[in-house]
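**Q** okay, sequence plus prediction incoming.
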Amino acid sequence: MRKNVSFIIGIILVFIIIITWVLSFLYMPHSPNEMNISERFLKPDFQSEHILGTDNFGRDILSRLMYGSRNVLLVGIGSVTLGTVIGILLGAIAAMFDRFANTIIMRIMDGLMAFPGILLAMMLVTVVGRGIQGSIIAISIFMVPVFSRLVYSMILDTENLLYIKAARSYGSSGKEIFIRHYIPAMLPRLITQFSSSIGSAVMIETSLSFLGLGVQPPHASWGLMLSEARQFFLTYPYLAVAPGIAIIITVLGFNLIGDGLNDILINRRNDDE
Amino acid sequence: MNETVLVKNLHIKAGKNTLVSKTSLTIKKGEIFGLVGESGSGKTITAKAIIDLLPEGLTYTADEIITAGKNILTASREEKKEHIGKNIGYIPQNTVFYLHPMIKIKNQIGDGYMYHMKKTKKEALKRAESLLIKVGFKSPKTVLNYYPWQLSGGMRQRCNIAMALMNDPKLIIADEPSTALDTTVQKQVMELFKTINKSLGISMLLISHDLGLIKHYCHSIGVMYAGQIIESGSREELFNNPKHPYTQLLMKIVPSLSIKKNEPLTEIPGYVPEKGRDSRGCLFVKRCPKAMEVCSQTVEEHEEKGHYYRCNL
Amino acid sequence: MLTYVLSRIKSSIVVLFVVSVITFFVLMIIPGNPAQLILGTDATAEMVADLTESMGLNKPLYQQYLGWLLDLLKLDMGTSYVYGEEVTRLIIRSIPVTISISIFAMAIAVFIAFIFGTIAAIKKNSIIDYFSRSIMQLGVAIPSFWIGMVFIVYFGMKLRIFPVSGYVPINENFLNSLKSIILPSVVLAIGELGTLLRIVRSSMLDSLKQDYMDMAKVKGLSAGKIYIKYALRGALTAPLTIIGMQFAKLAGGTVVVETIFALPGLGRLVLTAVEHRDIILLQGLVMFITASVIFITLIVDILIMFINPRIKSFQQGEL
């Protein structure tokens, strides 16, 4: 019961982010890139026109925050989706084909796993270029080994399950077995991993943007907003508050959902974590 | 005092669900008391209640629990811990995980002894060595230097026995001590218990589902069903004059050499009930061949010269 | 036992080889000619051709790779064009900063994780448990650059306890050196704490459920013995493995923290290399950092084998 509480908190947090994202298409108080030098560094004030204040160019922080949610979610969800698809394919190929394919693929995955996360992302961004596309590709490649290993080991485990052996023995076809037995057996873990991975993808995206390697100015991204705030935040600390909280809400939300799903779908009765 | 263990009217509950009810048992000094029953009949948790080792979520109440001369119910937590650690040895069923897999035998066999008897490590090891010889090891020094997983199941169980003997306990509780072992080792272990009981005069509570084994080694026997001791008494009384239909059926089931060719093996139809164990009636009523209408309402308790049974017959 | 060590070494070498292949070829498919990049846009076609020739860029890729690999084995990683210095020397100069903040951060995180993780498991659902569980989630969700900025404002500017940026080498002034790495280390530690706490707590919970805990309780030992000698001992393996991996990866993850605190460590070098597309520097750095990760993980695995004697027996086919 208690752990469903954190799952619900996760849902609420992600819901907040999704509302922000939807609103960014329907209504934003100001244009996110509209500069107004006369209105620089306005403090947050709920009575005023700029609820969360303005930045060094006089841009409305709330609008930039809303606009930034688009990039964060696009990169976060996009890269994990891409990584999941490629990962599942590679993992399935490795598990179902001959030893040669298996060795090559799984060794490459081991290699990719050996890189510290942000280092791999930075290296890949160097190759594919900065910006949204670059971030999506770089982070998705980072995600591939996680999913391919998961799928690989799950297929091998499932292979040994009695009901699969039974299905084979009374002559179900390979495709039928895959759809009727493998997919349902793997789905809970995949969904759980997917949700948690979005959390880490968002974290890498904001780090890349913060380092100036992700979303490029003048576009808005939370990491970039923090990076721009760096020069001024000693005098105007509020510049760093909103984007930081937005990142925490997003990462925390997806992680909590991932943990909650793990409890609900995988260890149903384990009440320890 | 003539009893090592005296339990009166023990109830064990998991939340609202009753697991063990109205259970009383007496273990006389120097005797081996056998507790027999099917799995799920509450043997193990009854024993665990006596040594205050009930798993999280289970609670017990009783009118009286006295072990080795101390009233456990009125003792403080700390006193209880001291008393049990010092006076009761516990020998579990599963031999694999009760010894800590990452600690050498010599570093875990003597810590209770050092703690309760205020002894040095050297003294503890000396005693451990002599006990390991007693339980049948030829080179105790080598055994002490092993990790548990380097020993076979039988060897681990003998280490457990030696460990239980460290403090010269008044009582040893052995929960299916030979089940996980193969037959020849099983026999060795059981003979060892017999010897310990005879030579050291230690009382024992032996838990088993194996009526044959209980019959062979115990002086007194309690038959447990659905969380109640439904019949208890001396071995002779119980085997020569079983009163409760369950006990009678149980004795028929034990495969004996006298079984005739083509004679079908008896079985008791149905299952041990898991719910409604707090009923006032007899819990065996649904499976009892001699059940009467009154049986589901009340049940009579009889006690005659130490032979106890609860049945309306 | 030896077989286990040998097989771990073998697989580490395989991974290292794969890493070198990935690093080399990924960075070679980069658009544009590295020689052109180095010389800049004003260079004549002739100059570019000369440099291409001398760098061996016109040879087939696999030959370039073999040459690079051989040089790497001789610890020759080439010359960075941004700094105009040998990559090896740049790395050697930057290591102390990164190593000191990583070790310090790890020490803080491990210390707190073991204390809180153990207590949280023993007193499940107590205030300490709830606190630890919140830290588990928040530690992973708070971006290190954000907490770094908050720390700078609060501790550096408001309280003026710690320097806001820069690194003081240990041999210059020990106290100031320590002060200069405390804030970055704490920031790094917060990031690691979540994962460590989680693993310590869950393996402790697992250990508390084991049968040997029943035995320790029946023996009536003191709480210290029960929880430390028996429970914690049984809960060590998983956290130690994770600590090894985390530490190794930490060394590569200091980019962000080094950037905020303006520390001249490996992370800063990586950022410079990426910003300026200094492929040679980046190749060297990635290889060096990843090789260190693999090496540390290997050492930790072997050390754990000594702590957890059961791995030995699995290798010997016992149990």
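**A** Everything's here; your move.

**Q** three-state assignment of the residue in the stretch 51-200 of chain C that chain B sits nearest to?
**A** The nearest approach of the stretch 51-200 of chain C to chain B comes at C:K124, 9.2 Å away (C-beta to the nearest C-beta). No exception for glycine: its C-beta is placed from N, CA and C like everyone else's. Three-state call for C:K124 (DSSP: H, G, I helix; E, B strand; the rest coil): coil.

**Q** number of residues surrounding it?
**A** C:K124: 16 surrounding residues under other C-beta atoms under 10 Å in any protein chain shown.

**Q** looking at it, it is touching C:L205, isn't it?
**A** Yes. Here C:K124 reaches C:L205: they are 7.1 Å apart, a contact under C-beta atoms under 8 Å.

**Q** bridging residues for the spatially most central residue of chain B?
**A** The centroid of chain B falls nearest to B:I207 when counting by C-alpha atoms, centre = their mean (3.2 Å). Following DSSP bridges, B:I207 is listed with bridge partners B:L35, B:D175.

**Q** mind checking how far it is from chain C?
**A** 15 Å (C-beta to the nearest C-beta, to the nearest Å).

**Q** that residue: what's it in contact with?
**A** Neighbour list for B:I207: B:34-35, B:43-44, B:47, B:173-176 [criterion: C-beta atoms under 8 Å, 6 or more residues apart in numbering or on different chains].

**Q** likewise for C:I142?
**A** Contacts of C:I142 by C-beta under 8 Å, 6+ apart are A:244, A:248, C:190-191.

**Q** I figured C:L236 hits C:I307, correct?
**A** Yes. Using C-beta under 8 Å, C:L236 is in contact with C:I307, at 6.4 Å.

**Q** give me the common contacts of the two.
**A** B:M102.

**Q** pick out whichever of those two has more residues nearby.
**A** Just comparing C:L236 and C:I307: by other C-beta under 10 Å the higher neighbour count belongs to C:L236, 18 against 12.

**Q** scan chain A for its longest helix.
**A** As assigned by DSSP state H, the longest helix anywhere in chain A is helix A:61-96.

**Q** next, the angle from whichever helix or strand comes after that one to helix A:61-96.
**A** Counting by DSSP states H and E, the next helix or strand C-terminal to helix A:61-96 is helix A:99-114. If you take axes from the mean of the first three to the mean of the last three C-alpha atoms, to 10 degrees, helix A:99-114 sits at 150 degrees to helix A:61-96.

**Q** can you pull the poorly scored residue ranges out of chain A?
**A** A:1-3, A:41-42, A:162, A:164, A:171-172, A:174, A:267-273 (pLDDT under 70).

**Q** coming back round to it: so for the residue of the stretch 51-200 of chain C closest to chain B, what's the pLDDT?
**A** Looking at C:K124, its pLDDT is 85.

**Q** how about it, what does it touch?
**A** C:L205.

**Q** separation between it and A:V5?
**A** 16 Å (C-beta to C-beta, to the nearest Å).

**Q** then B:Y115?
**A** B:Y115 is 41 Å from A:V5, by C-beta to C-beta.

**Q** neighbour-wise, which of those two wins?
**A** Set B:Y115 next to A:V5 and count neighbours by other C-beta under 10 Å: B:Y115 wins out with 19 against 11.

**Q** the more buried one and C:S222 touch, don't they?
**A** Yes. Contact criterion C-beta under 8 Å: B:Y115 and C:S222 qualify, at 6.7 Å.

**Q** what number of residues lie near the closest residue to C:T79 other than its chain neighbours?
**A** Leaving aside its sequence neighbours, C:T79 sits nearest to C:E86 (C-beta to C-beta, 6 or more residues apart in numbering or on different chains; 5.6 Å). Around C:E86 there are 16 other residues, counting by other C-beta under 10 Å.

**Q** cool, the one 5 residues further on as well?
**A** The burial count assigned to C:I91 is 20, neighbours taken as other C-beta under 10 Å.

**Q** for it, what are its contacts?
**A** C:I91 sits in contact with C:77, C:266, C:269, C:284-285, C:288, where contact means C-beta under 8 Å, 6+ apart.

**Q** max pairwise distance over the residues you listed: which two?
**A** Largest separation among these by C-beta to C-beta: C:M77 and C:L266, giving 13.2 Å.

**Q** tell me which of the two has more neighbours.
**A** C:L266 (27 against 22).

**Q** gap between B:L132 and B:G110?
**A** 11 Å.

**Q** cool, and B:I133?
**A** 15 Å.

**Q** ok, C:F104 next?
**A** 40 Å.

**Q** and for the one residue in the stretch 51-200 of chain A that gets nearest to chain B, the neighbour number?
**A** In the stretch 51-200 of chain A, no residue comes nearer to chain B than A:N160, which is 23.6 Å away by C-beta to the nearest C-beta. The tally of other residues near A:N160 (other C-beta under 10 Å) stands at 8.

**Q** who's in contact with it?
**A** Contacts of A:N160 by C-beta under 8 Å, 6+ apart: none found.

**Q** now do the same contact list for A:V151.
**A** A:V151 neighbours (C-beta under 8 Å, 6+ apart): A:87-88, A:91-92, A:95, A:186, A:190.

**Q** hmm, try it at 6 Å
**A** A:88, A:91-92 (C-beta atoms under 6 Å, 6 or more residues apart in numbering or on different chains).

**Q** of those, list those near chain C.
**A** Among these, no residue lies close to chain C (C-beta under 6 Å from any C-beta of the partner chain).

**Q** closest one of the residues you listed to chain C?
**A** A:G91 (16.9 Å).

**Q** tell me how far that closest one lies from B:P273.
**A** From A:G91 across to B:P273, the span is 48 Å (C-beta to C-beta).

**Q** and if you look at B:K16?
**A** 16 Å.

**Q** likewise B:I172?
**A** From B:I172 to B:P273 the distance is 31 Å (C-beta to C-beta).

**Q** quick one: which of the two has more around it?
**A** B:I172 (24 against 17).

**Q** the more buried one contacts B:G89, correct?
**A** Yes. Using C-beta atoms under 6 Å, B:I172 makes contact with B:G89 at a distance of 4.4 Å.

**Q** what do the two both touch?
**A** B:A164.

**Q** for the residue nearest to A:H219 when sequence neighbours are not counted, give its distance to A:G223.
**A** Nearest residue to A:H219, sequence neighbours excluded (C-beta to C-beta, 6+ apart): A:N71, at 6.7 Å. Counting by C-beta to C-beta, the gap from A:N71 to A:G223 is 9 Å.

**Q** tell me which of the two has more neighbours.
**A** A:G223 (31 against 23).

**Q** the more buried one: which element?
**A** helix A:222-229.

**Q** how far off centre is that helix?
**A** 18 Å (C-alpha atoms, centre = their mean, to the nearest Å).
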